[in-house]
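*Asks:* I'll drop the sequence and a predicted model, then ask my questions.
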Protein chains: 2
Amino acid sequence: MSSKSEQTRKRILQATLDLLETGAGNGVRMTDIAGAVGITRQALYLHFATRAELLMAATQYLDEIKDVESRLAPSREATSGIARLDAFVAAWANYIPEIYGLAKALLAMQETDDVAAAVWCQRMQDMKEGCAAAVKALAADATLTPSLTADEATDLMWAMLSVRNWEVLTRDCQWPQAFYVENMVRNCRALLTQSGTR
Amino acid sequence: MSSKSEQTRKRILQATLDLLETGAGNGVRMTDIAGAVGITRQALYLHFATRAELLMAATQYLDEIKDVESRLAPSREATSGIARLDAFVAAWANYIPEIYGLAKALLAMQETDDVAAAVWCQRMQDMKEGCAAAVKALAADATLTPSLTADEATDLMWAMLSVRNWEVLTRDCQWPQAFYVENMVRNCRALLTQSGTR
DNA sequence: AGTAAAACTTGACACAGTGTCAATTGACTC
DNA sequence: GAGTCAATTGACACTGTGTCAAGTTTTACT
């Protein structure tokens, strides 16, 4: 049924992601998106009730495309806790640039829009579960630093790997992406494992 | 001359800070500030050209009140590099909650307002100088980690101590302030000094 | 006390961006 | 040919910032 509608919906989501990626998310208005798709602004509301809902749908669409699951496979298959930590950090650190445009738009909306805040918060909570799993693996190996509980270690790791930190380091500080990744892997080890285990 | 004007200006700044502190910076409108002072919204523009300028002035006013300089004295007087690092981290970490309301408002404006972005950026740059000085002291003692250059270490420390990280850890993760401080001191040591020097 | 400047008020308006609504057009289907 | 769905057009409400002109109150000076 209504394949025309489905089709337009996809075009909208795609255009949204494109604009967000190139324009760095700052000021992507409903008008811009409609223009990119080739429909009127009002027509957008036939597909998505609000801007927040559109961004939300774009987030899910992005996941489909980028295939988050398969990126995390190496981490899940790691044998030691430290290997798991390294793999997770690297996977996430390399994923950030791909979602950055969208993340920034959602992050900016958080202050004003409760729905957007909830959506983003939920997604970050999912990512936190990955952190928790890595920390758990460390604890199982007894390689987790004694100065932190598992929850605290998870919190710290989560904060370290936040999109905002990525933004600060790669944008403001001009760290190349590869350097950022390498560094974060080392930092997480230093902070979370027993005395900088190699 | 015109002491009335000066007086009102101060009342405006004070009201702004009060609202920002209690209301957590989310939606403090010009109307709210005017209402708190007891004047009309339009009258605010007789004192400050734009909202950004008002926020900017409030920032400087806050510094006067909180006396940033004296807070940093212990850090400057530290003898070893590590003592200096610890003192600076603790001083800054304890300063964040006091400026948080204002910081949040300025941070939120960054996306849309270039002036606000510039103001906040400048202030963060000042704070970065403090990081750089601490790193330099470590380097002088040869206690700086060999895996980072001085600039990289400064960047990392700066990112770690960002207001947004404080927000994540104390708000989202519910870390008590004291725990946050203690932890950040330890983390900075772990990341920046030679193999976790005690 | 008288006056001029400065501080503030009132009320109106422009602008951007989101969201809403009603009436209409074009196309595709049964 | 009637019905339905996607989209269009044009208008409007709402919020918050910033601007403007005209009028009133306060303050300061002599």
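*Replies:* Cool, got the structure.
*Asks:* quick one: contacts of stretch A:12-24?
*Replies:* Outside of stretch A:12-24, the residues within contact range by C-beta atoms under 8 Å, 6 or more residues apart in numbering or on different chains are A:28, A:32-33, A:36-37, A:39, A:44, A:47-48, A:54-55, A:57-58, A:61-62, A:100-102, A:104-105. In this view, the C-beta of every residue, glycine as well, is placed from N, C-alpha and C.
*Asks:* got it, and stretch A:79-91?
*Replies:* So stretch A:79-91 is in contact with A:71-72, A:74-76, A:78, A:130-131, A:133-135, A:137-141, A:143-144, A:161, A:181, A:184-185, A:188-189, A:192-193, A:197, going by C-beta under 8 Å, 6+ apart.
*Asks:* repeat the analysis, applying 7 Å as the threshold.
*Replies:* Counting contacts by C-beta atoms under 7 Å, 6 or more residues apart in numbering or on different chains, the residues outside stretch A:79-91 that touch it are A:71-72, A:74-75, A:78, A:130, A:134, A:137-138, A:140-141, A:143, A:161, A:181, A:184-185, A:188-189, A:192-193, A:197.
*Asks:* which of those residues count as buried?
*Replies:* A:71-72, A:75, A:78, A:130, A:134, A:137-138, A:141, A:143, A:161, A:181, A:184-185, A:188-189, A:192-193 (16 or more other C-beta atoms under 10 Å in any protein chain shown).
*Asks:* coming back round to it: make a PyMOL selection of the buried ones in the contacts of stretch A:12-24.
*Replies:* A single PyMOL command selects the buried members of those (16+ other C-beta under 10 Å):
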select buried, chain A and resi 28+33+36+37+39+44+47+48+54+55+57+58+61+62+100+101+102+104+105
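*Asks:* okay, and which of the contacts of stretch A:12-24 map to helices?
*Replies:* A:32-33, A:36-37, A:44, A:47, A:54-55, A:57-58, A:61-62, A:100-102, A:104-105 (DSSP state H).
*Asks:* before we move on, back to that, so which of the contacts of stretch A:79-91 belong to helices?
*Replies:* Among these, the residues falling in helices (DSSP H) are A:71-72, A:74-75, A:130, A:134, A:137-138, A:140-141, A:181, A:184-185, A:188-189, A:192.
*Asks:* quick one: stretch A:42-61 near DNA strand C?
*Replies:* Yes - using C-beta under 7 Å from any atom of the strand, stretch A:42-61 reaches DNA strand C at A:42, A:45, A:49-52.
*Asks:* how close does the residue nearest to A:Arg9 when sequence neighbours are not counted sit to chain B?
*Replies:* Setting aside the residues directly before and after it, A:Arg9 is nearest to A:His47 in space (C-beta to C-beta, 6 or more residues apart in numbering or on different chains), at 5.1 Å. Noted for A:His47: a distance of 25 Å to chain B, by C-beta to the nearest C-beta, to the nearest Å.
*Asks:* enumerate the residues of chain A near chain B.
*Replies:* Within chain A, the positions near chain B by C-beta under 7 Å from any C-beta of the partner chain are A:26, A:108, A:111, A:147, A:155, A:159, A:162, A:164-165, A:168-169, A:173, A:175, A:186-187, A:190-191, A:195-196.
*Asks:* which among those residues end up buried?
*Replies:* A:108, A:111, A:155, A:159, A:162, A:164-165, A:168-169, A:173, A:175, A:186-187, A:190-191.
*Asks:* and the closest residue to A:Leu161 other than its chain neighbours, what does it touch?
*Replies:* What sits nearest to A:Leu161 in space, not counting adjacent residues and going by C-beta to C-beta, 6+ apart, is A:Trp92, at 5.7 Å. Contact analysis of A:Trp92 by C-beta under 7 Å, 6+ apart lists A:127, A:130, A:161.
*Asks:* quick one: which of these is nearest DNA strand C?
*Replies:* Closest approach to DNA strand C among those (C-beta to the nearest atom of the strand): A:Met127, at 25.7 Å.
*Asks:* assign the closest residue to the closest one other than its chain neighbours to helix, strand or coil.
*Replies:* Closest residue in space to A:Met127, ignoring its immediate chain neighbours: A:Trp92 at 6.7 Å, by C-beta to C-beta, 6+ apart. Three-state call for A:Trp92 (DSSP: H, G, I helix; E, B strand; the rest coil): helix.
*Asks:* need the pLDDT of A:Trp92.
*Replies:* In this model, A:Trp92 is scored at 96, pLDDT.
*Asks:* before we move on, what about A:Leu13?
*Replies:* 97.
*Asks:* ok, A:Gly196 next?
*Replies:* pLDDT, read off for A:Gly196, is 50.
*Asks:* repeat for A:Ser2
*Replies:* 48.
*Asks:* list the helices and strands the lowest-mean-pLDDT helix or strand in chain A packs on?
*Replies:* Ranked by mean pLDDT, DSSP states H and E, the weakest helix or strand in chain A is helix A:68-77, scoring a mean of 88. Based on contacts counted as 3 or more C-beta pairs under 7 Å, 6 or more residues apart in numbering or on different chains; DSSP states H and E, the elements that helix A:68-77 packs against are helix A:81-110.
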